[in-house]
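Novice: predicted model follows, preceded by the sequence.
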Amino acid sequence: MPSSTMPPQTLPRNRLMWTSLNRGGRTVFLEEDKAWIEQIKGELSSLESYHVEYVTKVQEAVDLMERGMMEECKMVGDPRFSKCELALKGFPNEIYDVEWDVIMVDATTGFHNEAPGRMNAIYTAGLMARNREEGETDVFVHDVDRVVEDNLSKAFLCQGYLREQQGRLRHLNIPSHKARSATPFCP
């Protein structure tokens, strides 16, 4: 579920990165800005990208984190059928049906109270990682210097799964919970 919001002036510089980082693999961008999707597809026709709408606001983060601690949010399963209001349910089925090796959360804008927040994206990334049949998923969260991204990645992706942090980028490694049904939501 890699997701990125990239200003148009950075397109040429990042074209090489996007085409070489995951050579032979599948990279998908879930993007809130339709204009960005059209512009980047003109520059890089092989890019797979889907438009999504994030409905939460940064100012709701504390309330959403409290609701995310409720029992229905600690149930591991397919996000499409989750009873937790934090689960993103509007992605194309192709996104839910893949057991992703790597998920990058680097959108939405999220830097002021009225901006769409990353709460749902962070929660859903963790749920998708836990829901795979077996193995592990590396989840990266960008901008963890922000309070919302810091707190929610620790709560929903779990401090115990933290592998490394370099500057504003946090790397967590989340194992399948389906393969080990007694695994607690967070270690």
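Specialist: On my side now, so go ahead. Numbers count the residues shown, from 1 in each chain.
Novice: burial count for Arg146?
Specialist: By other Cβ atoms under 10 Å, 18 other residues sit near Arg146. Quick note: C-beta positions are derived from backbone N, CA and C, even for glycine.
Novice: wait, it touches Phe111, no?
Specialist: Yes - when contacts are counted by Cβ atoms under 8 Å, Arg146 is listed as touching Phe111 (6.9 Å).
Novice: just checking, next helix/strand downstream of the helix or strand of the chain with the lowest mean pLDDT?
Specialist: Lowest mean confidence among the helices and strands of the chain (mean pLDDT, DSSP states H and E): helix 11-21, at a mean of 57. Sequence-wise, the next helix or strand downstream of helix 11-21 (DSSP states H and E) is strand 28-31.
Novice: from Tyr50, how far off is Arg170?
Specialist: Going from Arg170 to Tyr50 by Cβ to Cβ, to the nearest Å gives 24 Å.
Novice: go on, Phe81?
Specialist: In terms of Cβ to Cβ, Phe81 sits 20 Å off from Tyr50.
Novice: who has more neighbours, Arg170 and Tyr50?
Specialist: Just comparing Arg170 and Tyr50: by other Cβ under 10 Å the higher neighbour count belongs to Arg170, 23 against 15.
Novice: got the contact list for the more buried one?
Specialist: Residues in contact with Arg170 (Cβ atoms under 8 Å, 6 or more residues apart in numbering) are Phe140, Val141, Val144, Ser153, Leu162, Glu164.
Novice: one more pass at 6 Å, please.
Specialist: Val141, Val144, Ser153 (Cβ atoms under 6 Å, 6 or more residues apart in numbering).
Novice: so which of the residues you listed is the closest to Ala87?
Specialist: For the contacts of Arg170, the closest approach to Ala87 (Cβ to Cβ) belongs to Ser153, at 16.3 Å.
Novice: tally of neighbours for the closest residue to that closest one other than its chain neighbours?
Specialist: Distance criterion Cβ to Cβ, 6 or more residues apart in numbering; nearest residue to Ser153, sequence neighbours excluded, is Val141 at 4.5 Å. Residue crowding around Val141 was assessed by other Cβ under 10 Å; the count is 27.
Novice: quick check: Val141 vs Arg132, distance?
Specialist: 18 Å.
Novice: likewise for Ser82?
Specialist: 15 Å.
Novice: tell me if I am right that Val139 is in a strand.
Specialist: Yes - when classified by DSSP: H, G, I helix; E, B strand; the rest coil, Val139 is found to be part of a strand.
Novice: residues contacting it?
Specialist: By Cβ under 6 Å, 6+ apart, Val139 lies in contact with Ile103, Ala125, Ala129, Leu157, Leu172, Ile174.
Novice: and Ala121, that's in a helix?
Specialist: Yes - counting by three-state DSSP, Ala121 is part of a helix.
Novice: let me know the helix or strand that Val148 is in.
Specialist: Using DSSP H and E, Val148 falls within helix 147-152.
Novice: much appreciated, bye for now.
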